[in-house]
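Peer 1: whatever this is, show me its structure:
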Amino acid sequence: MSRVQNFIDNNISTFENELFDLLRIPSVSTDSGHKEDVKKAADFLISQLKEIGLDNVTLHETKGHPIITAEKITHSDKPTVLIYGHYDVQPSDPDDLWKTPPFEPTVIDGRVYARGASDDKGQSFTHLKAVQAYLHSDTELPVNVKFILEGEEEIGSPNLVPFIKENQELLSCDMVLISDTAMFGEDQPSITYGLRGLAYMEVHVTGPNRDLHSGIYGGAVDNPANVLCEIISKLKDDNGVVQVEGFYDDVASLTPEMREAYSILPFDEEEYKESLDLKALHGEKGYSTLERASARPTLDVNGLWSGYQGEGAKTVLPAKASAKVSMRLVPDQEPDKIAGLFAKHVKSLAPDTVEVEVKAHHGGWPVVIDLDFYGLKAAAEAFRQIYDKEVLFTREGGSIPIVADFKKVLGVNSILMGFGITRDALHSPNESFSLKDFHRGIKTSAKFLEVLNDFTG
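Peer 2: Residues are numbered from 1 along each chain as shown. Below you'll find the model as predicted:
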């Protein structure tokens, strides 16, 4: 075993404790009350990067939360890998559903439970420790590395793309390495080569100038909550097909080869249902569960509120009703175009008894990476050596908009080297991350940097 791999094995307890310190920081980017906590997480990482021995470690202030960059450039004739991660996390609520405190990392059966454990503090931290293993074991880094770590991924990275555009020379690289995805299954390494895009919307339906007594006014005044429910019910048909006009116009069809690749993946639908406590699944007719979940576009309500929410009864006819809706997109759908089509369609469904406002939030482009890219082949070899198992190549239903932005602005592909699994409960109560995969993730990252030169051709 190499000095680097030995160093990782001998220091894994220290690495875990450092990760736990990071997880204790409630760096919730969407909540202004946690602004200082987000900054605290950034400062923690600045300290880590300096201690590791990276050069030009810099905290860049933005209109929102800081962006961190660092580098170690030692070769003029070797590839440069830009490592991306995010240190902000989702809110922990509903806190009453957590079995352990969300910001006090707790280890149970080999898994650490905490918000951000997998998404994305635990996964991105693997790369810091991999680079540290080289620099602290007196082993030359085989390639050049750069880091870019942000604190706004969970709110759509509003300041990241402008930063990348303004700092293209600083961030110039041959590829981007990202760990913010999941393996296909436990102990089954996987590389995600496709991600869906996103168009996130908000709908507000407004009726009378105040909440009304439902006995006095009911039947005479249209109820915004009822109207909103009627609008939502018309967004999809019984077969799961989105009814927004023009929604599918630009969708790239799945080829027979793609569908064959899905069919051979080791997916157990009964186990999938059992893990979710569901008796049956639902989705677009004519496609498999995996295809629906990662290669077809979707439309889902993410939040819905109106009227009285408290205990007991209150006979109110609400003045307003609202919903949040996300649409996951596939090649070649454009986020802005889909947002416009959605807004037009929703307003066409609205009666003249209410006012309807549709707002577009953040979005992101879908992306599919060429499987012949040498960086993917090197990542697959690194996984094979550490996990002693052949890698599966999969597409994922989630969105990482920055992957498409790296391609558009820097002109480079991204390698999605995920170490999580679906049971990590991302964005949900009781998020967790396997410490075994944290350990193997560090070793795989280090191995990737080692074998990359073998695939440059």
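Peer 1: and the nearest residue to residue 396 once chain neighbours are set aside, how many neighbours?
Peer 2: Excluding its sequence neighbours, the residue lying closest to residue 396 (CB to CB, 6 or more residues apart in numbering) is residue 192, at 4.6 Å. The way it works is simple: take the backbone N, C-alpha and C, and place the C-beta from them, glycine included. Look at residue 192: counted by other CB atoms under 10 Å, it has 27 neighbours.
Peer 1: so residue 192 sits in a strand?
Peer 2: Yes - looking at residue 192 with DSSP: H, G, I helix; E, B strand; the rest coil, it is inside a strand.
Peer 1: buried residues in the helix or strand where residue 204 lies?
Peer 2: Assigned by DSSP states H and E, residue 204 belongs to strand 197-206. By neighbour count on 16 or more other CB atoms under 10 Å, the buried set for strand 197-206 is 197, 198, 199, 200, 201, 203, 204, 205, 206.
Peer 1: nearest to residue 101, of the residues you listed?
Peer 2: residue 200 (29.5 Å; CB to CB).
Peer 1: low-confidence ranges, the protein, go.
Peer 2: 1, 457 (pLDDT under 70).
Peer 1: can you give me the helices for it?
Peer 2: 3-10, 12-23, 35-52, 121-135, 160-166, 214-217, 224-233, 256-263, 269-275, 289-294, 335-349, 374-387, 402-405, 435-451 (DSSP state H).
Peer 1: highest mean neighbour count out of these?
Peer 2: Burial of the helices of the chain is given as mean neighbour count (mean count of other CB atoms under 10 Å); helix 121-135 ranks first at a mean of 26.
Peer 1: how does the chain divide into domains?
Peer 2: 3-195+366-455, 197-251+297-364 (automatic domain parsing).
Peer 1: looking at those domains, which is nearest to residue 264?
Peer 2: Across those, residue 264 has its closest neighbour in domain 3-195+366-455 (9.3 Å, CB to CB).
Peer 1: redo the helices of the chain as TSV? Include distance to residue 327.
Peer 2: Below are the helices of the chain laid out as TSV (distance: least, CB to CB, whole Å):
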stretch	distance to residue 327
helix 3-10	41
helix 12-23	32
helix 35-52	28
helix 121-135	26
helix 160-166	20
helix 214-217	33
helix 224-233	13
helix 256-263	21
helix 269-275	23
helix 289-294	14
helix 335-349	6
helix 374-387	28
helix 402-405	16
helix 435-451	31
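Peer 1: for residue 113, find the nearest of these.
Peer 2: Residue 113 lies closest to helix 12-23 among these, at 9.4 Å (CB to CB).
Peer 1: and the closest residue to residue 427 other than its chain neighbours, how far from residue 63?
Peer 2: Spatially, and ignoring its direct neighbours in sequence, residue 427 is nearest to residue 90 (4.9 Å; CB to CB, 6+ apart). From residue 90 across to residue 63, the span is 21 Å (CB to CB, to the nearest Å).
Peer 1: what number of residues lie near residue 25?
Peer 2: 23.
Peer 1: sorry, back to before: using CSV, lay out the domains of the chain together with distance to residue 277.
Peer 2: Formatted as CSV, the domains of the chain follow (distance: least, CB to CB, whole Å):
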stretch, distance to residue 277
domain 3-195+366-455, 13
domain 197-251+297-364, 19
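Peer 1: nearest to residue 273 among the ones you listed would be which one?
Peer 2: domain 3-195+366-455 (13.0 Å).
Peer 1: between residue 90 and residue 63, which has more neighbouring residues?
Peer 2: Legend: neighbour count by other CB under 10 Å for residue 90 and residue 63, higher for residue 90 (19 against 8).
Peer 1: residue contacts, that one?
Peer 2: By CB atoms under 8 Å, 6 or more residues apart in numbering, the residues touching residue 90 are 28, 30, 115, 116, 119, 154, 426, 427.
Peer 1: between these, which has the most around it?
Peer 2: residue 116 (33 neighbours).
Peer 1: tell me the contacts of that one?
Peer 2: 22, 23, 27, 87, 89, 90, 122, 431.
Peer 1: with residue 434 instead?
Peer 2: 110, 111, 186, 421, 424.
Peer 1: out of the residues you listed, which are buried?
Peer 2: Buried among the contacts of residue 434 (16+ other CB under 10 Å): 111, 421, 424.
Peer 1: quick one: the second one and residue 439, what's the gap?
Peer 2: From residue 421 over to residue 439 the distance is 15 Å, taken as CB to CB.
Peer 1: which residue packs closest to residue 423, ignoring adjacent ones?
Peer 2: Closest to residue 423 by CB to CB, 6+ apart is residue 275, at 7.2 Å.
Peer 1: hang on, the one you found packs against residue 281?
Peer 2: No - the pair residue 275 / residue 281 is not scored as a contact, 11.7 Å apart, by CB atoms under 8 Å.
Peer 1: re the thing from before, and of the domains of the chain, who's closest to residue 271?
Peer 2: domain 3-195+366-455 (9.6 Å).
Peer 1: how distant is the closest one from the center of its chain?
Peer 2: Put simply, domain 3-195+366-455 sits 11 Å off its chain's centre (CA atoms, centre = their mean, to the nearest Å).
Peer 1: next one: stretch 227-243
Peer 2: 26 Å.
Peer 1: what sits up against that stretch?
Peer 2: Residues contacting stretch 227-243 (CB under 8 Å, 6+ apart): 203, 205, 207, 244, 248, 282-285, 292, 297-299, 301, 304, 306, 321-323, 325, 327, 345-346, 349-351, 353-354, 356.
Peer 1: and these, which are buried?
Peer 2: 203, 205, 207, 244, 284, 292, 297-299, 306, 321-323, 325, 327, 345-346, 350, 354, 356.
Peer 1: ok, the residue lying farthest from the centre of the chain - contacts?
Peer 2: In the chain, the greatest distance from the average C-alpha position (CA atoms, centre = their mean) is reached by residue 216, at 47.5 Å. By CB under 8 Å, 6+ apart, the contact set of residue 216 is empty.
Peer 1: ok, it to residue 231 distance?
Peer 2: Distance from residue 216 to residue 231, by CB to CB: 26 Å.
Peer 1: now do residue 151
Peer 2: Residue 151 is 35 Å from residue 231, by CB to CB.
Peer 1: same question for residue 67.
Peer 2: 39 Å.
Peer 1: dump the contacts of residue 116 into JSON lines; add distance to residue 389 as well.
Peer 2: Listed next are these as JSON lines, based on distance: CB to CB, whole Å:
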{"residue": "22", "distance to residue 389": "29"}
{"residue": "23", "distance to residue 389": "28"}
{"residue": "27", "distance to residue 389": "34"}
{"residue": "87", "distance to residue 389": "30"}
{"residue": "89", "distance to residue 389": "30"}
{"residue": "90", "distance to residue 389": "31"}
{"residue": "122", "distance to residue 389": "21"}
{"residue": "431", "distance to residue 389": "25"}
